[in-house]
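Chemist: please find the sequence and the predicted model below.
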Amino acid sequence: EVQLLESGGTLVQPGGSLRLSCAASGFIFDDYDMSWVRQAPGKGLEWVSGVSDDGGTTYYADSVRGRFSISRDNSNNMLYLQMNGLRADDTAVYYCAKEAHDILTGGNWGQGTLVTVSS
Amino acid sequence: DIQMTQSPSSLSASVGDRLTITCQASQDIDKFLNWYQQKPGKAPKLLIYDASDLESGVPSRFSGSGSGTHFTFTVSSLQPEDIATYYCQQYYSLLTFGGGTKVEIK
């Protein structure tokens, strides 16, 4: 059974940094591209970032480019999102998602981890 | 950036009704369009990919159509378990979601 378990979400001050993790199991991790998607409280979905199966290619939404960095550790089946320069509008539940049908978010999603940016 | 305009933003329908949601892309995206269902407190789930292909295990009352800039998502006979918010998503260039359609039972 595919499982994606996010962690690392917490309350952080504006301008601060945070690293989110996503532990993957139940599939051959390094066969799949992966993504992060976020959802602000009561709002819609926003794709944040994606990474190729070998980690060599990364993709970012304009809203986070230059502040966030996606990476993966295929040896340990882990996906990461390093978030720097956090702002109040980064407050959201962050989901990791697995590729399917050549769609970065087309497969299973985790249950999400909440990041709150506030002083 | 490609913008996705979804309508309506909410709707109320009765069990058994046919409902339709539309999604308009700001430029031609061919058939690179997906539809997701998100139930309260849960992660989204892919229902339709490539505009009209039904994801495995998804009931056949769900369908999608369209290409280019105009797309339609249809539920042929609304069931109580279909209460959710539905999102379109383009993946022609990176990924962009529509604003969502919240579906409630009348």
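Modeler: Great, that's in hand. Just so you know, these numbers come straight off a predicted model, no measurement behind them. Numbers count the residues shown, from 1 in each chain, chains lettered A, B, ... in the order given.
Chemist: tell me which parts of chain B are close to chain A?
Modeler: Taking Cβ under 8 Å from any Cβ of the partner chain as the contact definition, chain B meets chain A at B:1, B:34, B:36, B:38, B:43-46, B:49-50, B:53, B:87, B:89, B:91, B:94-100. The C-beta positions use only the backbone N, C-alpha and C, and glycine is treated the same way.
Chemist: middle-most residue in chain B, spatially?
Modeler: residue B:35 (3.8 Å; Cα atoms, centre = their mean).
Chemist: quick check: bridge partners of it?
Modeler: On the basis of DSSP bridges, residue B:35 is bridged to residue B:48, residue B:88.
Chemist: can you pull out the strands in chain A?
Modeler: A:3-7, A:11-12, A:18-25, A:34-39, A:45-51, A:58-60, A:68-73, A:78-83, A:92-98, A:113-117 (DSSP state E).
Chemist: show me the strands in chain B, by range?
Modeler: Going by DSSP E, chain B shows strands at B:4-7, B:10-13, B:19-25, B:33-38, B:45-49, B:53-54, B:62-67, B:70-75, B:84-90, B:96-97, B:101-105.
Chemist: what packs against the second one?
Modeler: To tie it back to what came earlier, the one meant is strand B:10-13. strand B:19-25, strand B:101-105 (3 or more Cβ pairs under 8 Å, 6 or more residues apart in numbering or on different chains; DSSP states H and E).
Chemist: same list (those strands) but as JSON lines, adding mean neighbour count.
Modeler: Putting these into JSON lines (neighbours: other Cβ atoms under 10 Å in any protein chain shown) gives the following:
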{"stretch": "strand B:19-25", "mean neighbour count": "20"}
{"stretch": "strand B:101-105", "mean neighbour count": "16"}
